[in-house]
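**Q** here's a sequence, model it:
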Amino acid sequence: MKSEEVMVKALKILERELSSEEFLIYLQTITERTGDSVKELRDKTGNLSLDEVLKLVKEKA
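**A** Prediction:
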């Protein structure tokens, strides 16, 4: 089994077992960051509330 396949399998398990918020926190924890992530997040989400952001994430999943 390739490392990519293991990662996909693990992410599917985590997505199933964690709440949407917990899954997002996990992804943030393991994802490399470059630049000003706070500014980028503000630019992308504008005036959206956390609930609205989570709703958009759930719709894309």
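
**Q** helices of this structure, start to end?
**A** 3-17, 20-30, 37-45, 50-60 (DSSP state H).

**Q** format those helices as JSON lines; extra columns: mean pLDDT and mean neighbour count.
**A** C-betas here are computed from N, CA, C, even on glycine. Output for the helices of the chain, formatted as JSON lines (pLDDT from 0 to 100; neighbours: other C-beta atoms under 10 Å):
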{"stretch": "helix 3-17", "mean pLDDT": "90", "mean neighbour count": "10"}
{"stretch": "helix 20-30", "mean pLDDT": "87", "mean neighbour count": "12"}
{"stretch": "helix 37-45", "mean pLDDT": "78", "mean neighbour count": "10"}
{"stretch": "helix 50-60", "mean pLDDT": "82", "mean neighbour count": "11"}
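
**Q** center of the chain, which residue is that?
**A** Taking C-alpha atoms, centre = their mean, the centroid of the chain lies closest to residue 24, which sits 3.5 Å from it.

**Q** quick check: that residue vs residue 1, distance?
**A** Residue 24 sits 26 Å away from residue 1, going by C-beta to C-beta, to the nearest Å.

**Q** cool, and residue 59?
**A** In terms of C-beta to C-beta, residue 59 sits 31 Å off from residue 1.

**Q** same question, residue 54
**A** Separation of residue 54 from residue 1 (C-beta to C-beta) stands at 32 Å.

**Q** what are the phi and psi values for residue 32?
**A** Main-chain dihedrals, residue 32, degrees, to the nearest 10: phi -70, psi 150.
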